[in-house]
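Colleague: got a predicted structure here, sequence first:
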Amino acid sequence: MSPTIYDIAKKAGVSITTVSKVLNNYPDISDKTRKKILRTIEEIGYHPNSHARALMTKKYWTIGVVFIEALGVGIKHPFFSAVIESFRKKVGELGYDLLLLSPHAENGRKNYLDRLLSRGVDGIIVVSPQQFSKEIEELIDHDIPSVFIDINSKNVSVVSSDNYYGSQLVIDYLYSLGHRKIAHIAGASETFAGSERLKGFLDAVKKYSLEIPKSYIVDGGYFDVTGGEIAMNKLLALPERPTAVYVAGDMMALGAIQSIKKHGLSIPKNISVVGFDDIQLASLSDPKLTTIRQNTELIGMQAANILVEQINRKKKIPMNITVPVELVKRESVCSPNMSE
């Protein structure tokens, strides 16, 4: 049987209360007694289990991870998984474990908030491309420490990329190469990233006084390959096709590339393609994809720092942090005068 706090007290010749105070770093214990108890702990190999640790510290040392999005892709999406991995590393250094919640646990009898509270977590990170839903609102309104990725709210802490500026960078680059017929495959309008990237696109083409027909803006849905391929099919069916397509996500851009190839066209000779995210596949595609790089490492670290600060201060701290993006130039873009 593993040693307990009672065994420590008996061997050290002190009270259970004194041992508890040492384990919780109370200041009202003499150095001599503290050293004696710590030496005893080391000698008998005492390791408090998670429940005992929670009772002693009033903390669970656990952070809940919640994905709320329409496709049910969750952590499988390369962007989300990269952000969570960075977040995991940072909070892990501080002693926290992650609890990943399934969206369909307990036959739907409990919502995310109820399950988080019943499991015992110190805080939550919510990854939600969707703007708002009933479950998101419940998490926003509750006083549990929380940080959200990719939503728009002034009532909670939010970390997101500069989606708007990323679109500006794309259009600036395409325009500099001579492109004037630029289409956009947009992410779902109910997502924060999709709406911000579309706004950036519209303002950028307006800045250059480009006359972009409505047919040049196509909804690609929830950032998956199939949505990008279907949207690109629509653009290729137009009487006058664009010379360049800015796609609001790399997975959709890969779908667009499939569509272009199936129509017997060449990238970038016939059509230039730019994505957004810089997932690993972007540098492995054929051709290698020009895209906007999101700094997933920094997004995860910032989210971790914000959440742990809230946990330590035992209160929510609403703030919005926008992480810079950069244009990564690869092989999927060229000047339109190099086309057929």
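Modeller: Structure's in. What do you need?
Colleague: how many neighbours does K262 have?
Modeller: By the measure other C-beta atoms under 10 Å, the count of residues near K262 is 12. Bear in mind the C-beta positions are built from the backbone N, C-alpha and C, glycine included.
Colleague: measure it to L236 for me?
Modeller: Counting by C-beta to C-beta, to the nearest Å, the separation of K262 from L236 is 9 Å.
Colleague: now V333
Modeller: Plainly put, V333 is 18 Å away from L236 if you go by C-beta to C-beta.
Colleague: of those two, which one has the most company?
Modeller: More crowded of V333 and L236, by other C-beta under 10 Å: V333, with 22 against 19.
Colleague: hmm, Y175 and the more buried one touching each other?
Modeller: No: using C-beta atoms under 8 Å, V333 is not in contact with Y175; the gap is 11.8 Å.
Colleague: tell me the contacts of the nearest residue to D219 once chain neighbours are set aside?
Modeller: The shortest distance from D219 to any non-neighbouring residue, by C-beta to C-beta, 6 or more residues apart in numbering, is to A186 (5.6 Å). By C-beta atoms under 8 Å, 6 or more residues apart in numbering, the residues touching A186 are G194, R197, L198, F201, I217, V218, D219, G220, A248.
Colleague: can you add pLDDT, secondary structure and distance to E138 and give these back as CSV?
Modeller: Output for the contacts of A186, formatted as CSV (pLDDT from 0 to 100; DSSP: H, G, I helix; E, B strand; the rest coil; distance: C-beta to C-beta, whole Å):
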residue, pLDDT, secondary structure, distance to E138
G194, 93, helix, 23
R197, 97, helix, 27
L198, 97, helix, 28
F201, 98, helix, 33
I217, 98, strand, 34
V218, 98, strand, 34
D219, 96, strand, 28
G220, 95, coil, 29
A248, 97, coil, 28
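Colleague: can you pick the most crowded of those residues?
Modeller: When neighbours are counted by other C-beta under 10 Å, A248 leads the contacts of A186 with 34 neighbours.
Colleague: enumerate every residue touching that residue.
Modeller: Applying C-beta under 8 Å, 6+ apart, we find A248 in contact with H184, I185, A186, G187, A193, G194, R197, L198, G220, F223, F276.
Colleague: on that earlier part again, any chance of the contacts of A186 in TSV, plus distance to R241?
Modeller: Listed next are the contacts of A186 as TSV, based on distance: C-beta to C-beta, whole Å:
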residue	distance to R241
G194	23
R197	21
L198	20
F201	18
I217	14
V218	12
D219	18
G220	17
A248	19
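Colleague: and these, which is closest to K59?
Modeller: Taking C-beta to C-beta as the measure, K59 sits nearest to G194 out of the contacts of A186, at 37.1 Å.
Colleague: that closest one against I185, yeah?
Modeller: No: with contact defined as C-beta under 8 Å, G194 does not count as touching I185 (10.3 Å).
Colleague: how about the helices of this protein, start to end?
Modeller: Remark: helices assigned in the chain by DSSP state H are 5-12, 16-23, 31-44, 50-57, 78-93, 112-119, 134-141, 163-176, 192-207, 225-236, 250-262, 296-313.
Colleague: tell me which of those helices is the most buried.
Modeller: With neighbours taken as mean count of other C-beta atoms under 10 Å, those reach their highest mean count in helix 250-262, at a mean of 23.
Colleague: check which helices and strands that helix is in contact with.
Modeller: strand 182-186, helix 225-236, strand 244-247, strand 272-277 (3 or more C-beta pairs under 8 Å, 6 or more residues apart in numbering; DSSP states H and E).
Colleague: follow-up on the earlier one: could you provide the helices of the chain in TSV, with additional columns for distance to S128?
Modeller: Converted to TSV, these look like this (distance: least, C-beta to C-beta, whole Å):
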stretch	distance to S128
helix 5-12	41
helix 16-23	38
helix 31-44	43
helix 50-57	28
helix 78-93	10
helix 112-119	11
helix 134-141	6
helix 163-176	15
helix 192-207	8
helix 225-236	18
helix 250-262	17
helix 296-313	13
